[in-house]
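J.: Give the three-dimensional model of this entry:
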Amino acid sequence: MPPLISFDEALELGGLTEHQEIGDLVERAWKVRRENFGDSTDMCSLVSAKSGGCAEDCGFCAQSRYAESDTPMHAMMEPEQILEHARAAEAAGAHRFCMVTQGQGLGKRDFAKIVEGAKLVTEKTNLKRCASIGHMSAERAEQLREAGIQRVHHNVESSRSYYPEVTTTVRYEGRMRTIQAVKEAGLETCVGGILNLGETPRQRVEMAFELSDLDPTSVPINLLSPRQGTKFGDRPLMDAWEVVKWVAIFRLIIPGALFRLCGGRVENLGDLQPLAVKAGLNGVMMGNFLTTLGAEPEDDRAMFEELGLNVARQPDNGANPRPDNRSGWLDGEAPATPMEGLIDHQGEANFWDPSTQLRIVKKAKEKPPPYPQAA
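T.: The predicted structure follows:
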């Protein structure tokens, strides 16, 4: 679906500062969201299946070896552990579950565990399945599809013009190759980025139009959660009204994609989270994020229900994913799943919990190497 506004119109909207004007923009984006998706939602949850010790220099990430912050770590999970977290996500009302690992890619042994974990989640839950495991070939993407993965997440992080400021060791072209490999394997794509890395309003618009050209099924929007000791650790949080405005602008540029807010939404938005939903979101990341805590499932569901949106699971949610698996290539009956008695609080189920499951490793006494300079 083509953008509903031009590049110059998007830039003009990016300059809005009055709350009333941003409110009018939200109403415009809300109408587009309802026209394309009705009252359907697509709520996600994730597990950080492997964390820490990353060799790359991504400036937003505490896992980088270049960051002075202590490193959150844990080894690759066993497939049965992945399934545990998937069941917790399902109990909280998530429609989708993503298995996430750090770094540019996985070795054979760790990749095999992701494949086996995907098979278990496919067989034993009624969740849609995603993976976010770094770069991959078309052959690996095909293996994921055969294991039951339906969508692969691989962000561009920022606009092509600002990207060298974000990382120099993970090439933008490599990200494009992975996204192409995922498409060649017949999988859906989940491609987004992070706002507030120091990019200009023009570069935000650039990223939105670059994403539009990629035509992803899903667009996750992350908001920088500054981590002391990282390259962007001294940046302030993003103004909540600015977040709402840019969600709405992205919705008008990419009207046909599923939008969700992920990392940083709690810290950056605060009480304005419901308004961000109205600005065009299909869902949020339920439960916790990779290294930070999230919101309670009851509160996340309520944000959407108060706008008249339907967060309930459907019996065929796994076998015929909704509302985004438009090709309908996945056949078979969905496994049984409880339709009542959703959990409301994180303490009621075994969510991924970075506060207890991550091991914080002190960096060596010597300072880490300086962040490489962009060319």
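
J.: could you pull out the helices for the protein?
T.: Secondary structure of the chain, counting by DSSP state H: helices at 7-14, 19-37, 79-91, 108-124, 138-147, 163-166, 172-184, 201-214, 240-253, 265-269, 273-278, 297-305, 354-357.

J.: mind putting these in TSV, distance to residue 286 included?
T.: The C-beta positions use only the backbone N, C-alpha and C, and glycine is treated the same way. Output for the helices of the chain, formatted as TSV (distance: least, CB to CB, whole Å):
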stretch	distance to residue 286
helix 7-14	29
helix 19-37	18
helix 79-91	7
helix 108-124	16
helix 138-147	22
helix 163-166	27
helix 172-184	24
helix 201-214	23
helix 240-253	18
helix 265-269	11
helix 273-278	13
helix 297-305	5
helix 354-357	15
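
J.: mind checking which of the ones you listed is nearest residue 225?
T.: For these, proximity to residue 225 was assessed by CB to CB; helix 265-269 is nearest, at 5.5 Å.

J.: Give me the buried positions along that closest one.
T.: 265, 266, 268, 269 (16 or more other CB atoms under 10 Å).

J.: still on that earlier bit, right, and the helices of the chain - which one's nearest residue 288?
T.: Taking CB to CB, helix 354-357 is the member of the helices of the chain nearest to residue 288, at 5.8 Å.

J.: tell me the mean pLDDT over that closest one?
T.: If you average the pLDDT over helix 354-357, you get 85.

J.: Put the alpha carbons of it into CSV.
T.: The C-alpha trace of helix 354-357 is given here as CSV (Å, rounded to 0.1, in the frame of the first residue of the first chain):
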residue,chain,number,x,y,z
PRO,A,354,15.5,-9.8,32.8
SER,A,355,15.6,-8.7,36.4
THR,A,356,16.1,-12.3,37.6
GLN,A,357,17.2,-14.3,34.5
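
J.: thinking again about what came up before, let me know which of the helices of the chain is the nearest to residue 341.
T.: Closest to residue 341 of the helices of the chain, according to CB to CB: helix 79-91, at 8.2 Å.

J.: I figured residue 161 hits residue 204, correct?
T.: No: contact criterion CB atoms under 8 Å: residue 161 and residue 204 do not qualify, at 11.0 Å.

J.: So which of these two has more stuff around it?
T.: Ranked by neighbour count (other CB atoms under 10 Å), residue 161 and residue 204 place residue 204 first, with 22 against 14.

J.: Let me see the contact set for residue 99.
T.: 46-47, 49, 82, 114, 117-118, 121, 129-133 (CB atoms under 8 Å, 6 or more residues apart in numbering).

J.: repeat that with 6 Å
T.: Taking CB atoms under 6 Å, 6 or more residues apart in numbering, we find residue 99 in contact with 47, 49, 82, 114, 117, 131.

J.: Relative to residue 309, how far out is it?
T.: Using CB to CB, to the nearest Å, one obtains 26 Å as the distance from residue 99 to residue 309.

J.: before we move on, the earlier item: by neighbour count, which of the contacts of residue 99 wins?
T.: The most crowded member of the contacts of residue 99, judged by other CB under 10 Å, is residue 131 (31 neighbours).

J.: Can you read off the pLDDT for that residue?
T.: pLDDT recorded at residue 131 is 97.

J.: Report the separation between it and residue 189.
T.: Separation of residue 131 from residue 189 (CB to CB): 12 Å.

J.: among the helices of the chain, where is the model least confident on average?
T.: Taking the mean pLDDT of the helices of the chain, helix 354-357 comes last: a mean of 85.

J.: what comes up buried for that helix?
T.: 354, 357.

J.: Numbering from 314 from now on, please.
T.: All set: I'll call the first residue 314, so the last point we hit is now helix 667-670.

J.: Quick one: list the elements packing against that helix.
T.: Helix 667-670 is packed against no helix or strand, with contacts defined by 3 or more CB pairs under 6 Å, 6 or more residues apart in numbering; DSSP states H and E.

J.: Return the distance of it from the chain's centre.
T.: 19 Å (CA atoms, centre = their mean, to the nearest Å).

J.: and if you look at stretch 489-505?
T.: That offset, for stretch 489-505, works out to 15 Å (CA atoms, centre = their mean).

J.: end to end, how far does that stretch reach?
T.: Across stretch 489-505, the terminal residues are separated by 12 Å (CA to CA, to the nearest Å).

J.: For that stretch, give me every contacting residue.
T.: With CB under 6 Å, 6+ apart as the test, stretch 489-505 has contacts from 448-451, 454-455, 458, 464-468, 527, 529-534.

J.: Same check on stretch 440-449?
T.: In contact with stretch 440-449 (CB under 6 Å, 6+ apart) are residues 399, 403, 408-414, 416-419, 427, 431, 434, 457, 461-466, 487, 491, 634.

J.: Same question for stretch 674-685.
T.: The contact list for stretch 674-685, computed with CB under 6 Å, 6+ apart, reads 370, 378, 379, 381, 383, 384, 386, 481, 544.

J.: Make TSV out of the residues you listed and add neighbour count and pLDDT.
T.: Converted to TSV, the contacts of stretch 674-685 look like this (neighbours: other CB atoms under 10 Å; pLDDT from 0 to 100):
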residue	neighbour count	pLDDT
370	21	90
378	15	85
379	22	88
381	15	88
383	15	77
384	23	76
386	16	82
481	18	93
544	23	93
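
J.: Restricted to strands, list the residues you listed.
T.: Those of the contacts of stretch 674-685 mapping onto strands are 384, 386, per DSSP state E.
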